[in-house]
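Trainee: can't give you the sequence, but here's the structure:
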């Protein structure tokens, strides 16, 4: 058992607690507040004059699947041999020793959602981890966390322009996605028919032959049955409306990824009720569909009523993650709302709000000690606890 004492606790749900205490036991928060009895023999960590916050969450990265330091040998995030690959599992490419992972904790980030890139119409499954450890299976928080799909320039350039196969247009992207989802509906019917046939088999009679096992279809069944969401890469406003159209056609859960032109249709997105993971924004204009990227997008979406979180896409070094909420504050968002954009909002989008995103009793003890307020430019991460254990910040 250990206790963090005398800090200024800043939490998206509990607010500001001065001279606060957090009691930790077996990796969980046992108690939090000011009037907490500290049992005799408890290890105490005095953080007087420091800020104590929940670990930040980056809801969309490709961390661990692309090692840019070794070029093609480390490029394991896009299986672009065919445009539809629901069979792909991002966890199978994750390298816990990928160099950029050492920057994650330095930015106060203790949970990331990572997975395949956007080269395919359907790229494969994402997963959420805590960036501590050497075995990905032991780092997992949730797997799968969603199925990655992509609209717009990436799939039509890679498959249409480079390889001269469908999709060559945005129409083709949408058509392939619809066609695949309909195939998955047929797969469900086959399974249902088989199960019904089993019930009717008379004793001593031969059993019906089961449908051929299809690992890709099994993932799509999880999507159709709303067990996992689509994580949909979409920059342009028309691509955003297309994926919303498809999500409604099939009654799917949907998280909008990037949402670069979301400011153009913010009221529409809010009316439809889908959340948005906005970014990356601290980058150059890398292609036509990102020309209007800017931090005001997150503010406009939030003001319209969209649940917003902020992301690096692994294009911004994670040690600079605090610059994202600082930038949306500069564009007019309140500190409190910007704080939620990197804590509770992404936790809720990923279905992890029962474990991370705040410092409430019963949640994982993922705690960051800051030298000052985390949104002050000169504040530094001084200590990080993941599952209640202090993690060394490596150079």
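Mentor: Ah, there it is. Note that the structure is predicted; figures quoted are calculated from it, not measured.
Trainee: let me see the contact set for residue 219.
Mentor: Contacts for residue 219 (CB atoms under 8 Å, 6 or more residues apart in numbering) come out as 86-87, 125, 144, 147, 228. (C-beta placed from N, C-alpha, C; glycine too.)
Trainee: if you set the cut-off to 7 Å instead, what comes out?
Mentor: If you count contacts by CB atoms under 7 Å, 6 or more residues apart in numbering, residue 219 has them with 86, 125, 147.
Trainee: in strands, which of those fall?
Mentor: 125, 147 (DSSP state E).
Trainee: let's have the contacts of residue 219 in CSV, adding distance to residue 13 and neighbour count.
Mentor: CSV is the format used below for the contacts of residue 219 (distance: CB to CB, whole Å; neighbours: other CB atoms under 10 Å):
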residue, distance to residue 13, neighbour count
86, 36, 27
125, 30, 25
147, 29, 25
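Trainee: looking at the contacts of residue 219, which is nearest residue 51?
Mentor: Residue 51 has its nearest neighbour among the contacts of residue 219 in residue 125, at 35.7 Å by CB to CB.
Trainee: need the pLDDT of the closest one.
Mentor: At residue 125, the model reports a pLDDT of 98.
Trainee: how about it: what's its closest non-neighbour residue?
Mentor: Excluding the flanking residues, the one nearest residue 125 by CB to CB, 6 or more residues apart in numbering is residue 144, at 3.7 Å.
Trainee: likewise residue 338?
Mentor: If the residues on either side of it in the chain are set aside, residue 338 comes closest to residue 325, at 4.0 Å by CB to CB, 6+ apart.
Trainee: could you count how many residues lie near the closest residue to residue 283 other than its chain neighbours?
Mentor: Using CB to CB, 6+ apart and skipping the chain neighbours, the partner closest in space to residue 283 is residue 315 (5.1 Å). Close neighbours of residue 315, defined as other CB atoms under 10 Å, add up to 15.
Trainee: format the contacts of residue 219 as JSON lines; extra columns: distance to residue 26.
Mentor: Below are these laid out as JSON lines (distance: CB to CB, whole Å):
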{"residue": "86", "distance to residue 26": "37"}
{"residue": "125", "distance to residue 26": "30"}
{"residue": "147", "distance to residue 26": "33"}
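Trainee: and of the contacts of residue 219, the nearest to residue 18?
Mentor: residue 125 (43.0 Å).
Trainee: ok, the closest one touching residue 93?
Mentor: No: in this structure, residue 125 is not within contact of residue 93 by CB atoms under 7 Å, at 11.1 Å.
Trainee: give the next helix or strand downstream of the helix ranked longest in the chain.
Mentor: Ranked by number of residues, the top helix in the chain under DSSP state H is helix 170-200. Downstream of helix 170-200, the next assigned helix or strand under DSSP states H and E is helix 215-224.
Trainee: what's the angle between that following helix and helix 170-200?
Mentor: 90 degrees (axes from the mean of the first three to the mean of the last three CA atoms, to 10 degrees).
Trainee: in helix 215-224, what's buried?
Mentor: 216-217, 219-224 (16 or more other CB atoms under 10 Å).
Trainee: pLDDT below threshold where in the stretch 1-150 of the chain?
Mentor: Residues of the stretch 1-150 of the chain meeting the criterion pLDDT under 70: none.
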